[in-house]
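Peer 1: Okay, structure incoming, though there's no sequence with it:
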């Protein structure tokens, strides 16, 4: 019950500032898991007509951070210490999906992985994968 | 002379799609070097009021790629294979500056580094640093 | 049949120079997969008595490279372009196991992931994970 | 004076376990800086006769950690959270040199960079560069 409330809060909190500006939307929230979607618009592309690596990186980082938010107390915030992202193939199509999972639950250091898929006519292709190192910090500390 | 033309082309080419959408602007182009600026707007922030890690990552990647463009033939395009970025302190202030330098000039694989500074009242602070692995590919190949 | 021969060759080829010096051994070879083990000796430790991050990194890189070897033609060699590794918890115990899987099969660029487990009395713990970007190059080219 | 003692302690402490096993030696210690050397032996090579990426990674990590040790109190230890390393060209020659510098001095999180050079007949070539994220932890905590 409490989790449900927390997850609903995170679902709204996810969309603000840059994530809202980019157009990210939430699909699913679970313990240690967050899934988001972006409908591709011309403003998301780069010089060759593919989705910009920066859009994918922003989505990978933001979604990874919210996966971490699902496992920390409510008075903690999550900071990105660093991340690394690989691009496997150009992203094209109607939308991109990001699925982020916590893979290490440290007290201070949390590590999430984000897999990004391009979706076209219900077919998904893995286009990118990121490892995100996050820090859980007591708010106002 | 030829370089001058090429650099002018890259300066314009830099701003399109997602980079234009975000508001990145070019400050300086040299052989193996590219410098850009972003005036911070509310749409660039995250939940704590700092510049979103994704904005910084997008700028670090995009500027690193254009640093690589300055050293390859005109019929080549640049693809991001992967990048890694560290965040040293929260980015706040009027604008952020990104300076990208090519640090390894391979035939196929080019590596650039991006340093991102927050600027406030002409004071700069290093807030982030990225290493970007790029691939130079013959266009239409 | 041919695969079997190739895998046997790789199993032997894996152990030479630094990998032999460290004491890495092969457990299993499959298409796009390589598994190795290291029996922990005092020479593998660091100042706090845990397995040195460098031993784990070397094993993660080497095993990831041989996972890539299983999917390229015999006249190709594999070079490490870069890798990134996260350490989740200190590695202790009798041995460490490394399981590497190819996660992106590009023509030139191959990406493998390595998961490293510490093993003690048949209990395994995930202690580290790496993403390795490799390049497939025609021998003598 | 106190620094001098501390630096002498770190110079000795650097060589033990895996770093001694590999043959790393210390050249220079300064505030936020550590420099090491390795005389290349057959046991350091990989299948193509170059210095193994794992040797370079181990040296980059270990030296980066000791650069961090120079700036923390004596009752703190340094843990590697993660690192990322790029390989620019094959390492060959008589020895390799690693120069590590702290580039971000956080209270908990310290970031060092390691540059690795191959040296032959007093000529140096930059062959690799790493970014290492470290954590400063109170001993016995």
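Peer 2: Nice, thanks for sending it over. Because the structure is predicted, anything quoted here is derived from the model rather than measured. Numbers count the residues shown, from 1 in each chain, chains lettered A, B, ... in the order given.

Peer 1: Strands along chain A, start to end?
Peer 2: A:25-30, A:33-39, A:76-87, A:95-105, A:109-120, A:123-138 (DSSP state E).

Peer 1: Single out the most deeply packed of these.
Peer 2: With neighbours taken as mean count of other CB atoms under 10 Å in any protein chain shown, the strands of chain A reach their highest mean count in strand A:76-87, at a mean of 24. Bear in mind the C-beta positions are built from the backbone N, C-alpha and C, glycine included.

Peer 1: Please work out which residues outside stretch A:87-96 touch it.
Peer 2: With contacts defined as CB atoms under 8 Å, 6 or more residues apart in numbering or on different chains, stretch A:87-96 is touched by A:37-40, A:48-51, A:53, A:55-56, A:59, A:116-121, A:125-129, B:79-82, C:103-104, C:106, C:111.

Peer 1: Repeat that for stretch A:116-131.
Peer 2: By CB under 8 Å, 6+ apart, the list of residues contacting stretch A:116-131 reads A:51, A:56-57, A:59-61, A:64, A:83-99, A:111-115, C:84, C:86, C:103-104, C:111, C:129, C:131.

Peer 1: quick one: it to chain centroid distance?
Peer 2: 13 Å (CA atoms, centre = their mean, to the nearest Å).

Peer 1: so what's the most centrally placed residue in chain A scoring on pLDDT?
Peer 2: Centroid-nearest residue in chain A, with CA atoms, centre = their mean: residue A:63, separated by 1.6 Å. Note on residue A:63: pLDDT of 98.

Peer 1: Quick check: the gap between it and chain C.
Peer 2: Distance from residue A:63 to chain C, counting by CB to the nearest CB, to the nearest Å: 18 Å.

Peer 1: and what of residue A:115?
Peer 2: From residue A:115 to chain C the distance is 10 Å (CB to the nearest CB).

Peer 1: looking at the sheet around that residue, what are its partners?
Peer 2: residue A:99, residue A:129 (DSSP bridges).

Peer 1: In contact with it, which residues are there?
Peer 2: Residue A:115 sits in contact with A:98-100, A:126, A:128-129, where contact means CB under 8 Å, 6+ apart.

Peer 1: what does residue A:65 give?
Peer 2: A:78, A:80, A:112, A:132, A:134, B:53 are the contacts of residue A:65 under CB under 8 Å, 6+ apart.

Peer 1: mind checking how far it is from residue A:133?
Peer 2: For residue A:65, the distance to residue A:133 equals 11 Å [CB to CB, to the nearest Å].

Peer 1: who touches both of those two?
Peer 2: residue A:80.

Peer 1: circling back: wait, the residue nearest to the centre of chain A touches residue A:33, no?
Peer 2: No - counting by CB atoms under 8 Å, residue A:63 does not reach residue A:33; the two are 9.7 Å apart.

Peer 1: which residues are in contact with both of the two?
Peer 2: A:99-100.

Peer 1: what residue ranges in chain A are flagged as low confidence?
Peer 2: A:1, A:141 (pLDDT under 70).

Peer 1: The same query, at a cut-off of 90, please.
Peer 2: A:1-3, A:47-48, A:139-141 (pLDDT under 90).

Peer 1: follow-up on the earlier one: farthest-separated two in the contacts of residue A:115?
Peer 2: A:100 and A:126 (13.8 Å; CB to CB).

Peer 1: how far does stretch A:15-35 stretch from start to finish?
Peer 2: Start-to-end span of stretch A:15-35 (CA to CA, to the nearest Å) is 13 Å.

Peer 1: My error: substitute stretch A:21-41 in the last question.
Peer 2: End-to-end distance (CA to CA), stretch A:21-41: 12 Å.

Peer 1: And for it, what's in contact with it?
Peer 2: A:3, A:7, A:10-11, A:14-15, A:44, A:51, A:55, A:58-59, A:62-64, A:66-67, A:69-71, A:93-102, A:105, B:43-44, B:54.

Peer 1: mind running it again at 7 Å?
Peer 2: Residues from elsewhere that reach stretch A:21-41, judged by CB atoms under 7 Å, 6 or more residues apart in numbering or on different chains: A:3, A:7, A:10-11, A:14-15, A:51, A:55, A:58-59, A:62-63, A:66-67, A:70-71, A:93-102, B:43.

Peer 1: which of the residues in stretch A:65-78 are buried?
Peer 2: Judged by neighbour count (16 or more other CB atoms under 10 Å in any protein chain shown), stretch A:65-78 contains these buried residues: A:65-72, A:77-78.

Peer 1: How far off centre is the longest helix seen in chain A?
Peer 2: Under DSSP state H, the helix in chain A containing the largest number of residues is helix A:53-69. Computed by CA atoms, centre = their mean, the chain-centroid distance of helix A:53-69 equals 3 Å.

Peer 1: Repeat that for stretch A:16-23.
Peer 2: The chain centre lies 12 Å from the centre of stretch A:16-23; the measure is CA atoms, centre = their mean.

Peer 1: and it, which residues are buried?
Peer 2: Buried residues in stretch A:16-23 (16+ other CB under 10 Å): A:17-19, A:21-23.

Peer 1: same deal with stretch A:8-15?
Peer 2: A:10-11, A:14-15.

Peer 1: does chain B sit close to it?
Peer 2: Yes - residues of stretch A:8-15 contacting chain B under CB under 7 Å from any CB of the partner chain: residue A:13.

Peer 1: Just the residues contacting that stretch, thanks.
Peer 2: By CB under 7 Å, 6+ apart, the list of residues contacting stretch A:8-15 reads A:24, A:26, A:29, A:66, A:69-70, B:47.

Peer 1: can you do 6 Å?
Peer 2: A:26, A:29, A:66, A:69 (CB atoms under 6 Å, 6 or more residues apart in numbering or on different chains).

Peer 1: Tell me the one of the contacts of residue A:115 nearest residue D:138?
Peer 2: residue A:100 (31.5 Å).

Peer 1: Tell me who's in contact with the closest one.
Peer 2: A:34, A:63-64, A:67, A:112, A:114.

Peer 1: With residue A:78 instead?
Peer 2: A:65, A:68-69, A:134.

Peer 1: Farthest pair within these?
Peer 2: Using CB to CB, the contacts of residue A:78 span at most 9.2 Å, a distance reached by A:69 and A:134.

Peer 1: Measure how the longest helix of chain A sits relative to strand A:25-30, angle-wise.
Peer 2: Interaxial angle, helix A:53-69 versus strand A:25-30 (axes from the mean of the first three to the mean of the last three CA atoms, to 10 degrees): 30 degrees.
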